[in-house]
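1. Would you be able to build a 3D model of this:
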Amino acid sequence: MENKTSKYFKYAIGEIILVMIGILLALQVNNWNERRKEKSLEKVLLTSIYHSIVDDTTGWNAEITGYDRQLAYSDYIKRKFQDNSPYEKRLDTAFAVISNGYVREADYTAFNSLLNTGIDIVKNDSIKFYLNRYYAHSEHLVEVENYFENSKFYRQHIYPKYFKAYKYAREAIPNDYNVLKTSTDFAVALDYTINDAYFFKDWSVHKKEDALRLIRLLKQDLMLKDND
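-> Below is the predicted model of the structure:
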């Protein structure tokens, strides 16, 4: 009886050990599957963000070009006024373009999907840092522009008071060119334009640099080729 009992306990202990090993293996397989699903989801989300940022760079290029155009036409108007030069038709384009600068926003759609999932799903700390900075800068600059509202100031005060015709970003025809040359309102508005254009252009360059850095990091992390 003692021999049978000993064999029974050994058998029971062996069964328990086998069950525990089975449970541990099942948990390990489950954890592996979860990590694989998480990695797959991370890749999907980051790939979507990658294409979104690639598209954004087109906007940043246009934004920088727009501010360069504002600065060029603002300088042209200032020189004409300072030299007391006579009116010429090209000025109509310059008067319209100087109010045409605006901040473009990044496309937040893919990034918001990542935030809804949980940004900690991104394992690369550099990517996580620059993603947060990239989209935070975009939101902040829009808030700054909305606070100053330089374009709105032109539409509500400058164009109705000093111009008889206006076509968006194409032409603005002054009521009296000589009056406009001596207007303090217009001179201050022009200074606003120049200051804002330099400020926002500088930040546009930073946004583009961050975008290009993220594109490089994401391509490396996702092992993408140039045509992907």
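
2. low-confidence ranges in this structure?
-> Across the chain, the ranges flagged by pLDDT under 70 are 1-15, 18-19, 22, 24-34, 225-228.

3. What segments of this structure are strands?
-> Ranges of strands in the chain, per DSSP state E, are 163-167, 171-174.

4. which one of those has the most crowded surroundings?
-> strand 171-174 (a mean of 19; mean count of other Cβ atoms under 10 Å). Heads up, the C-betas are built off the backbone N, CA and C, glycines and all.

5. Where do the helices of this structure begin and end?
-> Assigned by DSSP state H, the helices in the chain fall at 2-82, 90-97, 109-117, 125-148, 150-153, 159-162, 177-181, 184-222.

6. just the ones you listed: most buried one?
-> Using mean count of other Cβ under 10 Å, helix 90-97 ranks as the most buried of these, with a mean of 20.

7. thinking again about what came up before, who wins for proximity to residue 169 among the helices of the chain?
-> Smallest distance to residue 169 across those (Cβ to Cβ): 5.7 Å, for helix 90-97.

8. what's the distance between that closest one and the middle of its chain?
-> Centroid displacement of helix 90-97 relative to its chain, using Cα atoms, centre = their mean, to the nearest Å, is 30 Å.

9. Looking at the helices of the chain, which is nearest to residue 171?
-> helix 90-97 (4.0 Å).

10. First-to-last residue distance for stretch 105-119?
-> Terminal residues of stretch 105-119 are spaced 21 Å apart (Cα to Cα, to the nearest Å).

11. if I look at the residue lying closest to residue 198 once chain neighbours are set aside, how far off is residue 199?
-> Spatially, and ignoring its direct neighbours in sequence, residue 198 is nearest to residue 71 (7.1 Å; Cβ to Cβ, 6 or more residues apart in numbering). Separation of residue 71 from residue 199 (Cβ to Cβ, to the nearest Å): 11 Å.

12. In contact with residue 190: list those residues for me.
-> If a contact means Cβ atoms under 8 Å, 6 or more residues apart in numbering, then residue 190 has 74, 77, 78, 98 as its contacts.

13. how about the second one, what does it touch?
-> Taking Cβ under 8 Å, 6+ apart, we find residue 77 in contact with 91, 94, 95, 98, 190.

14. Mind doing that once more with 6 Å?
-> By Cβ atoms under 6 Å, 6 or more residues apart in numbering, the contact list for residue 77 reads residue 94.

15. Please report the distance of it from residue 163.
-> With distances taken as Cβ to Cβ, residue 77 is found 13 Å from residue 163.

16. next one: residue 125
-> Counting by Cβ to Cβ - residue 125 and residue 163 are separated by 53 Å.
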